[in-house]
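A.B. asks: structure for this input, please:
(4 chains)
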2 protein chains.
Amino acid sequence: MNRPPPVDSPTFSPLYRQIRALMTRSLQSNDWRPGDMIPSEAELALRFGVSQGTVRKAIDEMAADNLLVRRQGKGTFVATHNDQRSFFRFLRLAANEGELPALENIPLDCWRGKAGVDVARVLALEPGAAIIIIRRVLRFGGEPAVFDEIYLPGELFSELTLDILKAEPMSLYSLFESRYGVCPVRADERLRAVSADRVSAGILQVAEGSPLLLVERITRTYADKPVEWRRGYYSTMNFHYHNELGSGR
Amino acid sequence: MNRPPPVDSPTFSPLYRQIRALMTRSLQSNDWRPGDMIPSEAELALRFGVSQGTVRKAIDEMAADNLLVRRQGKGTFVATHNDQRSFFRFLRLAANEGELPALENIPLDCWRGKAGVDVARVLALEPGAAIIIIRRVLRFGGEPAVFDEIYLPGELFSELTLDILKAEPMSLYSLFESRYGVCPVRADERLRAVSADRVSAGILQVAEGSPLLLVERITRTYADKPVEWRRGYYSTMNFHYHNELGSGR
DNA sequence: CAGTGGTCTAGACCACCTC
DNA sequence: AGGTGGTCTAGACCACTGA
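C.D. replies: Next up is the predicted model:
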């Protein structure tokens, strides 16, 4: 194997992290697309001039981050939002009793605007840059549960319209991924309790002033580039936000 | 190496998982205590009759679950709640602006009772079993932020009193761990928005009816044994609950 | 059957910590 | 110097998938 010489710089990283970085670039550049099978470990080892064990360790990390999915006997695949499996990775909602009933996604409106200072800062845009604003409702078993206000960089989603949103059968992120090549992989959320204003109360069919769970989310893609800012109002009479502590971090 | 013969049963698990199970038993039995250094990888490999690589993989998993902590050059240690590092693993609170100010932990009361059907179910106790109820407040920079009602199995915390709680300088879990040998390692949380009742409002110094973030938590120790049920009311005017999506699960 | 990921080994060497 | 974890290799074999 053509082992690169050991690096002594302060930015030293082990080989498997360099391999990981190279593979991440293949994801960023859309060279490997969501759902695709990536080359086998043996081939990658050959291509990068390292042992299979080193490639394995790189893939292990990326699989732990849900960037890749391993399937024994089949291959390793780029994670996609086009399957039910990965759906609730970004929707931590559960029913207080029993299973969560069937989901309905109802887009309300979709228009273009200019980024204010706050949205610009969050999305790393120039103030005044083109953005898209979407409002939608999620219903479970006919009951409205989540009201989302979503802000997107206009540049990335150039021809997005309400009709396109309404035509999407799967999730919003599934649309981002297949139509715009934007694959959300990480998100930071801030949760607060707030009182329902007139608009939210009407849309969620609760009394004005009712307590709502406010979930603010910044969504990022491979290079940690922010691609969405979202404010979600969750009605938590019959549902709750579920979280597990202990691993990760 | 004395390799055990390959197992063909439906309960097959790879060697490194069996090693992990053995090591987890050393944690459960308090043979290895929080903060202790566990034997070196080489010694464990010798002891279990496997290669060092197999032990490494077992430890890797347990470190990913925050059961163990590796420190290069020093050794591998049992995770403990006695350091600031791991403090916020179980308190996902952050300030809306800037850093979180200094924490004050103020125990309010601590009394004994009998488990109702709901508490008994959650803590896997017989209805009517002895439990301990604690109420406390967390303040940040003098401002009350969290009001906790905590239910513990009486059996595990036999001589817990309000004075002991008041004397504890670190966290509650630090006390559990060092005084009662109970080490919380995992928790499930359910988050909802509710209106402040008279009691919570008074304690958190907000108006009655204000929206509060309700966090219900079931805490478990090594063998997934439930050791705490907690209802926390978070005042989210100046703070929020922080969560990261994307990895894990 | 061939191809894929999954496990396990043995050994070499590096990086870090403490004495 | 000696101990610890961290990286990397080469190769053997197992388990699963699908043609």
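
A.B. asks: would you mind measuring from the residue positioned nearest the centre of chain A to chain B?
C.D. replies: The centroid of chain A falls nearest to A:Pro184 when counting by CA atoms, centre = their mean (3.2 Å). Counting by CB to the nearest CB, to the nearest Å, the gap from A:Pro184 to chain B is 8 Å. In short, each C-beta sits where N, CA and C put it, glycine included.

A.B. asks: and what of A:Glu97?
C.D. replies: 12 Å.

A.B. asks: what's near enough to touch the closest residue to that residue other than its chain neighbours?
C.D. replies: Among residues not flanking A:Glu97 along the chain, A:Asn238 sits closest, at 7.9 Å (CB to CB, 6 or more residues apart in numbering or on different chains). Applying CB atoms under 8 Å, 6 or more residues apart in numbering or on different chains to A:Asn238 gives the contacts A:Ala95, A:Asn96, A:Glu97, A:Glu143, A:Ala145.

A.B. asks: contacting residues for the second one?
C.D. replies: It refers to A:Asn96. A:Asn238, A:Phe239, A:His240, B:Arg190.

A.B. asks: apply 7 Å and report the result again.
C.D. replies: Contact partners of A:Asn96, counting by CB atoms under 7 Å, 6 or more residues apart in numbering or on different chains, are A:Asn238, A:Phe239, A:His240.

A.B. asks: report the beta-bridge partners for A:Tyr234.
C.D. replies: A:Val146, A:Leu213 (DSSP bridges).

A.B. asks: in chain A, which spans are helices?
C.D. replies: Along chain A, the segments classed as helices by DSSP state H run A:15-28, A:41-48, A:52-64, A:117-123, A:162-167, A:172-180, A:198-204.

A.B. asks: how close does the closest residue to A:Pro144 other than its chain neighbours get to A:Ala193?
C.D. replies: Distances taken as CB to CB, 6+ apart place A:Leu204 nearest to A:Pro144, at 4.9 Å, with adjacent residues excluded. For A:Leu204, the distance to A:Ala193 equals 14 Å [CB to CB, to the nearest Å].

A.B. asks: more neighbours, these two?
C.D. replies: When A:Leu204 is set against A:Ala193 and neighbours are counted by other CB atoms under 10 Å in any protein chain shown, the residue ahead is A:Ala193, at 27 against 22.

A.B. asks: how near is that one to A:Leu214?
C.D. replies: Taken as CB to CB, the span from A:Ala193 to A:Leu214 is 7 Å.

A.B. asks: how about JSON lines for the helices of chain A, with mean pLDDT and distance to DNA strand C added?
C.D. replies: Shown next, in JSON lines, are the helices of chain A (pLDDT from 0 to 100; distance: least, CB to the nearest atom of the strand, whole Å):
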{"stretch": "helix A:15-28", "mean pLDDT": "97", "distance to DNA strand C": "11"}
{"stretch": "helix A:41-48", "mean pLDDT": "98", "distance to DNA strand C": "4"}
{"stretch": "helix A:52-64", "mean pLDDT": "98", "distance to DNA strand C": "6"}
{"stretch": "helix A:117-123", "mean pLDDT": "96", "distance to DNA strand C": "35"}
{"stretch": "helix A:162-167", "mean pLDDT": "96", "distance to DNA strand C": "35"}
{"stretch": "helix A:172-180", "mean pLDDT": "95", "distance to DNA strand C": "22"}
{"stretch": "helix A:198-204", "mean pLDDT": "98", "distance to DNA strand C": "42"}
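
A.B. asks: mind putting the ones you listed into JSON lines with distance to A:Glu155?
C.D. replies: Output for those, formatted as JSON lines (distance: least, CB to CB, whole Å):
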{"stretch": "helix A:15-28", "distance to A:Glu155": "16"}
{"stretch": "helix A:41-48", "distance to A:Glu155": "33"}
{"stretch": "helix A:52-64", "distance to A:Glu155": "27"}
{"stretch": "helix A:117-123", "distance to A:Glu155": "10"}
{"stretch": "helix A:162-167", "distance to A:Glu155": "17"}
{"stretch": "helix A:172-180", "distance to A:Glu155": "10"}
{"stretch": "helix A:198-204", "distance to A:Glu155": "28"}
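
A.B. asks: of all the ones you listed, which lies closest to A:Thr221?
C.D. replies: Closest to A:Thr221 of the helices of chain A is helix A:15-28 (CB to CB; 7.9 Å).

A.B. asks: okay, the angle between that closest one and helix A:41-48?
C.D. replies: For helix A:15-28 against helix A:41-48, the angle between stretch directions is 100 degrees (axes from the mean of the first three to the mean of the last three CA atoms, to 10 degrees).

A.B. asks: now could you export just the CA positions of helix A:15-28 as PDB?
C.D. replies: Extracted in PDB, the C-alpha atoms of helix A:15-28 (Å, rounded to 0.1, in the frame of the first residue of the first chain):
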ATOM      1  CA  LEU A  15      -6.000   8.100   7.400                       C
ATOM      2  CA  TYR A  16      -9.600   6.900   7.900                       C
ATOM      3  CA  ARG A  17     -10.700  10.500   8.500                       C
ATOM      4  CA  GLN A  18      -9.000  11.600   5.300                       C
ATOM      5  CA  ILE A  19     -10.800   8.800   3.500                       C
ATOM      6  CA  ARG A  20     -14.000   9.900   5.100                       C
ATOM      7  CA  ALA A  21     -13.400  13.400   3.900                       C
ATOM      8  CA  LEU A  22     -12.900  12.200   0.400                       C
ATOM      9  CA  MET A  23     -16.000  10.100   0.500                       C
ATOM     10  CA  THR A  24     -18.000  13.000   1.900                       C
ATOM     11  CA  ARG A  25     -16.900  15.100  -1.100                       C
ATOM     12  CA  SER A  26     -18.400  12.500  -3.300                       C
ATOM     13  CA  LEU A  27     -21.600  13.000  -1.500                       C
ATOM     14  CA  GLN A  28     -21.400  16.800  -1.600                       C
END
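
A.B. asks: next one: that helix to chain centre, how far?
C.D. replies: Counting by CA atoms, centre = their mean, to the nearest Å, helix A:15-28 is centred 20 Å from the centre of its parent chain.

A.B. asks: so is that helix next to DNA strand D?
C.D. replies: Yes: residues of helix A:15-28 contacting DNA strand D under CB under 7 Å from any atom of the strand: A:Leu15, A:Tyr16.

A.B. asks: tell me the angle that helix makes with helix A:52-64.
C.D. replies: Using the same axes, to 10 degrees: helix A:15-28 against helix A:52-64 is 50 degrees.

A.B. asks: so which residues on chain A come close to DNA strand C?
C.D. replies: A:6, A:8, A:12, A:38, A:40-43, A:53, A:56, A:70-76.

A.B. asks: cheers, nothing more for now.
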